[in-house]
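Asker: Build me a structure from this.
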Amino acid sequence: MSDVAPGFELEPGWRLHPKVELRPEPFGALLYHFGTRKLSFLKNRTIVGIVQSLPDHPNIRAAIDAAGIDEASEPMYLRALETLVQSNMLVRSGQSAA
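Answerer: From the prediction side, this is the model:
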């Protein structure tokens, strides 16, 4: 988790990379990045809901709070989202599609 600055969840405006497609599945969802050809699995529907709601919230922490995640479970979701940021599946809203 070293590539993402501490407190990344407080930074504003996250969304799926424009070249990423999310496909809901019974177990959660598949994310496919058409630029890098990476495939990621979201293994529960809660994280899928958080990812889908990111554009509706000012930052990652707000999206997690809106999903009703308790404080004890929050680190698990932050790690999952941080992994998606590191793999370029999630980008800041103003970030280019490069």
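Asker: D65 should be in a helix, yeah?
Answerer: Yes - counting by DSSP: H, G, I helix; E, B strand; the rest coil, D65 is part of a helix.
Asker: what about it, how many neighbours?
Answerer: Using other C-beta atoms under 10 Å, D65 has 12 other residues around it. To be clear about C-beta, it is placed using only N, CA and C from the backbone, and glycine gets the same treatment.
Asker: Leaving out sequence neighbours, find the closest residue to Q52.
Answerer: L22 (7.0 Å; C-beta to C-beta, 6 or more residues apart in numbering).
Asker: Tell me the bridge partners for the one you found.
Answerer: Beta-bridge partners recorded for L22 (DSSP bridges): L31.
Asker: Next, find the distance separating it from D70.
Answerer: Distance, L22 to D70, by C-beta to C-beta, to the nearest Å: 25 Å.
Asker: quick one: which of these two has more around it?
Answerer: A count of neighbours by other C-beta under 10 Å puts L22 above the other of L22 and D70, at 17 against 6.
Asker: Thank you, goodbye.
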